[in-house]
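Colleague: next one to model:
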Amino acid sequence: MANCTYSAIVAVAILSATGPAIAEDAAGDWLGQLPSGFKVRVHIDRAPDGLSGALINASGNRTRLDQIKSDGANLQFQIDNLGLSYDGAWNEDRKTWQGTLAFQGTYPLSFHRATAAEFTPKVQRRPQEDAISAGPRPYAERDVVFDNKSAKLSLAGTLTLPDGKGPFPAVILVCGTGPNMRDEDVAGHKVFLVLADA
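Modeller: Numbers count the residues shown, from 1 in each chain. The predicted model follows:
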C-alpha cells in the first residue's frame, strides 16, 4: 500500500513539473467578436526577449500592447492608456482562447487563430459616400491646425462651414480607441465623412 501511494505521488509530481499537457503558441493573428458584433483582432510576435503585439482595428491601424504574457495555457495582455485588458485560457477542444475583455465594462471574448481569408478586404458599396463625392456640397471645407505648445504637438482637422450667414452650432468629431484616419475609416466606411456631411 505504501509503495502504491509513493508511486502515485511521484507520478503527480512528474506531471506537475512538465507544465500544461496542451500548450498553444500565442504568436500569430487572433480574431474575436464581442457580443455587440464588433470584431477584435490581435497580432502577437515572439522574440528572444518575450512577446510583443498590437490590437488592430477594422481599418488596419495598430495600437501597441503594453504588456503581454502567455505560458501556452493562459493569455493576458493590456493597453495601459486605454484601460483595456484581456485574460483568457486556452480551450483545446474549441481551439480558442476563452476569456474576458475589460474596457469600459467587462465582456466575454474568445479568440481563434485567424485565416488569411478573414483579412481579405471586403469592398462594400456606400451610397451615401458616393453621393457626397458626386457633390455639389452646400458647405465649405477648410483644413485647420491647433498647436499645443506645452505638449509640443499639433492637432489637425477639417472645419466644415455651411453656406449662409452664421453663427452656426458646432460639433467636434474625435476618433476613439486608437489611431485612425480623419474620416474615421472603419472597414472601408468613412463614418466621420458621413456625419460631417449630415
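
Colleague: all the helices of this protein, in order from the start?
Modeller: For the chain, the helices defined by DSSP state H occupy 2-17, 127-134, 191-197.

Colleague: leaving out chain neighbours, which residue sits closest to Ile132?
Modeller: What sits nearest to Ile132 in space, not counting adjacent residues and going by CB to CB, 6 or more residues apart in numbering, is Asp197, at 5.0 Å. Quick note: C-beta positions are derived from backbone N, CA and C, even for glycine.

Colleague: can you give me the neighbour number for that neighbour?
Modeller: 15 (other CB atoms under 10 Å).

Colleague: please apply the same query to Pro127.
Modeller: Pro127 has 7 nearby residues by other CB under 10 Å.

Colleague: for Phe146, same thing?
Modeller: Phe146, neighbours per other CB under 10 Å, totals 9.

Colleague: least trustworthy helix or strand in the protein by mean pLDDT?
Modeller: helix 2-17 (a mean of 46; mean pLDDT, DSSP states H and E).

Colleague: re the thing from before, the residue nearest to Ile132 and Ala156, how far apart?
Modeller: 19 Å (CB to CB, to the nearest Å).

Colleague: do the same with Ala23
Modeller: In terms of CB to CB, Ala23 sits 46 Å off from Ala156.

Colleague: okay, the two: which has more neighbours?
Modeller: Ala23 (14 against 9).

Colleague: that one is in contact with Leu75, isn't it?
Modeller: No: the pair Ala23 and Leu75 fails to qualify as a contact (CB atoms under 8 Å) at a distance of 11.1 Å.

Colleague: any residues in contact with both of these two?
Modeller: Listed as contacting both Ala23 and Leu75 by CB atoms under 8 Å, 6 or more residues apart in numbering are Trp90.

Colleague: spatially central, which residue of the protein would that be?
Modeller: With distances taken as CA atoms, centre = their mean, Leu55 lies nearest the centre of the chain, 3.9 Å away.

Colleague: from what I can see that one touches Ile68, true?
Modeller: No: between Leu55 and Ile68 there is no contact under CB under 8 Å: 10.5 Å.
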